[in-house]
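> Sequence below, structure please.
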Amino acid sequence: MAKLGVAVVAIATLAWFLVSWLVLHSPLTDAIGETAGVLAGVLLVVSVIGTVRASE
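I've put the predicted structure just below:
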């Protein structure tokens, strides 16, 4: 199950990068920064969900 979650996050991160860079025509450095920000947000959500599940 964890491998599936990692794969989904990796694919979503790559998709966001490609949309930002190729579709929205953001400069490469901006696209990388946006991707890093989205990835940090996703990891924060996963961390909060894991903490809530562990405390139950």
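
> close enough to count as contact, Ile32 and Leu18?
No. With contact defined as C-beta atoms under 8 Å, Ile32 does not reach Leu18; the gap is 11.7 Å. Backbone N, C-alpha and C define where each C-beta goes, glycine included.

> Near Ser20, how many residues? Count them for me, please.
A count of neighbours around Ser20, defined by other C-beta atoms under 10 Å, yields 20.

> which ones are touching it?
By C-beta atoms under 8 Å, 6 or more residues apart in numbering, Ser20 lies in contact with Ser26, Asp30, Ala31, Glu34, Thr35.

> Now stretch 6-15 - C-alpha only, CSV.
Extracted as CSV, the C-alpha positions of stretch 6-15 are listed here (Å, rounded to 0.1, in the frame of the first residue of the first chain):
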residue,chain,number,x,y,z
VAL,A,6,4.6,6.8,-3.2
ALA,A,7,3.9,6.1,-6.9
VAL,A,8,0.7,8.2,-6.8
VAL,A,9,2.6,11.2,-5.2
ALA,A,10,5.5,10.8,-7.7
ILE,A,11,3.2,10.8,-10.7
ALA,A,12,1.1,13.7,-9.4
THR,A,13,4.3,15.7,-8.8
LEU,A,14,5.6,15.0,-12.3
ALA,A,15,2.2,15.9,-13.8
